[in-house]
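Engineer: How does the following fold in three dimensions:
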Amino acid sequence: SLSHTHTLHSRSEAHIACSFLSTHLSRRPDRASGLARSCFSTMLTSFLTLGTSICRWVGRVNKNSCLSILSSNEAELLPGTQRFSGIFTVQQPRIAVCEISTAGASPVSPLPKGTMSPSVKEGKLPAGPDLSYFMREGQLLSEASQTDVLQEVPYLNGATITPIQNGCIYFETYGCQMNVNDMEIVLAIMNKAGYTEIVDKPEEADIIFINTCAIRENAEHKVWHRLNYFKHVKSKWNHNIKSNASRSQGPPKVAVLGCMAERLKENLLEANKMVDVVCGPDAYRDLPRLLASVDQGQTAVNTLLSLEETYADVTPVRISQNSVSAFVSIMRGCNNMCSYCIVPFTRGRERSRPVVSIVREVGELWDQGVKEVMLLGQNVNSYNDISGESLVGEVWKNTKELHCWKHSLGFSSICQTKEEGLRFSHLLDCLSCRFPEMRFRFTSPHPKDFPDELLVLMHDRPNICKNIHLPAQSGSTKILEKMRRGYTRDAYLSLVERIRTILPDSSLSSDFIAGFCGETDEDHAETLSLIETVGYDMAYMFAYSVRKKTHAHRNYKDDVPDSVKKERLVQLIETFRRTTVPRYQSQIGTTQLVLVTGSNKRNPKELMGLSDKGHRVAFPNVQIPYADLNFAPSKGGRGQCMLGTHEMCSSDVTHGILASSVCMFPKPGDYVEVYITDTSAASLHGRPLAVTDLLSFFREKRAS
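Structural biologist: Predicted structure coming up:
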């Protein structure tokens, strides 16, 4: 394919395109344009994004081969060729010359008609640039494309995407936290393209985004149901305009984003005009162009996966503006290739953001009042920054220990681990030091990437939450091997023991799959046994649904009946609920540091928050003292403090320090000491003691 909006439909097309490009680049490297270089680089590096400029392709075409080009006006049919729907079938071995021009680019003089290079006549190709040349040029082009300027597009009328004014967006997000963060990235990209308003009803929108999940079949069913409804919304646009229910200048465009877009792009495009745009997780920068191409009658699809895209330079538009917590994506993709998982095929290979960009984004969140950040990644604790970007003040950048990353004891990986760059423990070390009053969580990790150095760091830093997600998937070593998880049951239990030794006051959560291929009653019993042995605080459990393209789909038979899967899933849930009760009851009588997140929706007289272990905690919304508050006494029995002016509970003032003397109503974003008095199935209940700060609480806790 010679355009990043088209795909290569066969190996022969890829071979021909490479032949055209390599011949020209070998003959005339001085006149090789950005598009030619980037196109060749794309084919060699898993389809990197192409640029736009002028190029000529000259090469030898084999008999009965095909070459896809952009349009019939941009090529010269040579003798012996016939055109069929934009595809040129070469019936005679000849030299094809194709010229594509971009508005505003420098012209390239065509070769005289019928002439060819002497080296081509002789059937010899001179030595051209090597692979490193194209990789370097492709990287430069990729960086140049990450600007805020809307690029010129040669095959759209008008040549340039015109930003609209006050465009309206409606969106729905399904799936994991990563999809939520991706939607925030999409909103930022669309904001620069003129879509500045978010509406609550699809009827009011210019664009309807539906961000999808492909992990399980049930999630896809929900998306198809919503697409049917959006098709109905589009068909009723004229009626909505007349009734003032819509303000858009045309029927809303429906764009499917995310994992399902990559996995089912053909089905979505053939779905009876339900969908206008299909955009994969690595192509969100292309959305403005894709939407513009719809207006030109073009097919708007881009699901190419990238080896580099991390959206590190995009500042997400926060969906919950007043939230005290936020998601920050630190890496994308997954290399684990578990046999049941579609993620490597929908999200691509692992690549990590530079530490510098993550610190910048977290700093912006802190300035906005965010108190807790969830670090996100498909395999978050395999984070590996190889950018080489410096971070002032970080001593560990020059230490030899930087390259000594090891897997958890007894764990292995199907993919070789890079022995370079910064690892997850370095990132956590940096963030926890620079933002001591901000809490950090992370998901979703893999058990193989919990070396002792990471666990020790979590123990030493009070603002790294002691809540570890440790996906087991199964308790049977035989099934774990079929899943290609890289560990045994015993290795997993040994890791749990090390975690409980280094972090005795931690909580564990996990994932489990019921009814995987070949799972017997004995295998299922081992999973139930694992749940009882470990004692999880939280678990996510699902019946297995086969995903196309996966190792399990290609090599195993989905031989567990649906009725058996459902029965085993019920048993997993019942076992978990029974074993989690002691975990919650053990918190009664303890004092927890709770970050207030808002009001309790079930009881407006209560506040809700999260403990360090990730437990939901409810407590009465009453005035409580502020512990260890520095203030300046003033007239009228009031104190001026860093949180503003609050009523004094007592007139005891000693050297400008009030010990439980200023009372206030806690608000979202405050840290509150809560004494736990009761528990329910999924939350704790307690009595608020005082508003405090994170470091003071843990300093007193360790002193006692």
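Engineer: Pull the number of nearby residues for the nearest residue to Ser506 once chain neighbours are set aside.
Structural biologist: Spatial nearest neighbour of Ser506, chain neighbours left out: Lys466 (4.0 Å); criterion: C-beta to C-beta, 6 or more residues apart in numbering. In this view, the C-beta of every residue, glycine as well, is placed from N, C-alpha and C. Lys466: 19 surrounding residues under other C-beta atoms under 10 Å.
Engineer: quick one: contacts for Lys466?
Structural biologist: Met458, Leu503, Asp505, Ser506, Ser507, Asp612, Lys613 (C-beta atoms under 8 Å, 6 or more residues apart in numbering).
Engineer: now Asp670
Structural biologist: Counting by C-beta under 8 Å, 6+ apart, Asp670 has contacts Leu595, Val596, Val691.
Engineer: swap in Tyr284?
Structural biologist: Applying C-beta under 8 Å, 6+ apart to Tyr284 gives the contacts Asp182, Ile185, Val186, Ile189, Leu257, Tyr311.
Engineer: what packs against the top helix by length along the chain?
Structural biologist: What stands out as the longest helix in the chain, according to DSSP state H, is helix 562-585. Under the contact criterion of 3 or more C-beta pairs under 8 Å, 6 or more residues apart in numbering; DSSP states H and E, helix 562-585 touches strand 507-514, helix 521-534, strand 538-543.
Engineer: Lowest average confidence across helices and strands of the chain, where is it?
Structural biologist: strand 638-641 (a mean of 32; mean pLDDT, DSSP states H and E).
Engineer: Now do the same for the residue nearest to Thr527 when sequence neighbours are not counted: its pLDDT.
Structural biologist: Of all residues not flanking Thr527 in the chain, Gly475 sits nearest, at 3.7 Å (C-beta to C-beta, 6+ apart). Here the pLDDT value assigned to Gly475 is 97.
Engineer: Was I right to think Gly475 contacts Tyr536?
Structural biologist: No. Gly475 is not in contact with Tyr536 according to C-beta atoms under 8 Å; the separation is 12.0 Å.
Engineer: quick one: Val373 and Thr501, what's the gap?
Structural biologist: From Val373 across to Thr501, the span is 27 Å (C-beta to C-beta, to the nearest Å).
Engineer: Looking at those two, which one has more neighbours?
Structural biologist: Val373 (22 against 10).
Engineer: can you list the weak-confidence ranges in the stretch 101-250 of the chain?
Structural biologist: Applying pLDDT under 70 to the stretch 101-250 of the chain flags the ranges 101-163, 242, 244-245.
Engineer: what about the helices in it?
Structural biologist: With DSSP state H, counting those that start in this stretch, the ranges of helices along the stretch 101-250 of the chain come out as 118-121, 131-145, 177-192, 217-235, 237-242.
Engineer: The stretch 301-450 of the chain too?
Structural biologist: Taking DSSP H, counting those that start in this stretch as the criterion, the stretch 301-450 of the chain carries its helices at 343-347, 355-367, 424-434.
Engineer: For Val596, which residues are in contact?
Structural biologist: Val324, Leu607, Met608, Gly609, Pro666, Lys667, Pro668, Gly669, Asp670, Tyr671, Val672.
Engineer: ok but it is inside a strand, no?
Structural biologist: Yes. Checked against DSSP: H, G, I helix; E, B strand; the rest coil, Val596 lies within a strand.
Engineer: Just give me the neighbour total for the residue nearest to Thr527.
Structural biologist: Count around Gly475 with other C-beta under 10 Å applied: 23.
Engineer: Quick one: residues contacting it.
Structural biologist: Arg489, Asp523, Glu526, Thr527, Leu528, Ser529, Leu530, Ile531 are the contacts of Gly475 under C-beta under 8 Å, 6+ apart.
Engineer: Report the contact partners of the residue nearest to the last one when sequence neighbours are not counted.
Structural biologist: It stands for Ile531. Closest residue to Ile531 apart from its sequence neighbours, by C-beta to C-beta, 6+ apart: Thr575 at 5.0 Å. Neighbour list for Thr575: Leu528, Ile531, Glu532 [criterion: C-beta under 8 Å, 6+ apart].
Engineer: what's the spacing between the second one and Leu569?
Structural biologist: Distance, Ile531 to Leu569, using C-beta to C-beta: 13 Å.
Engineer: Many thanks, we can stop here.
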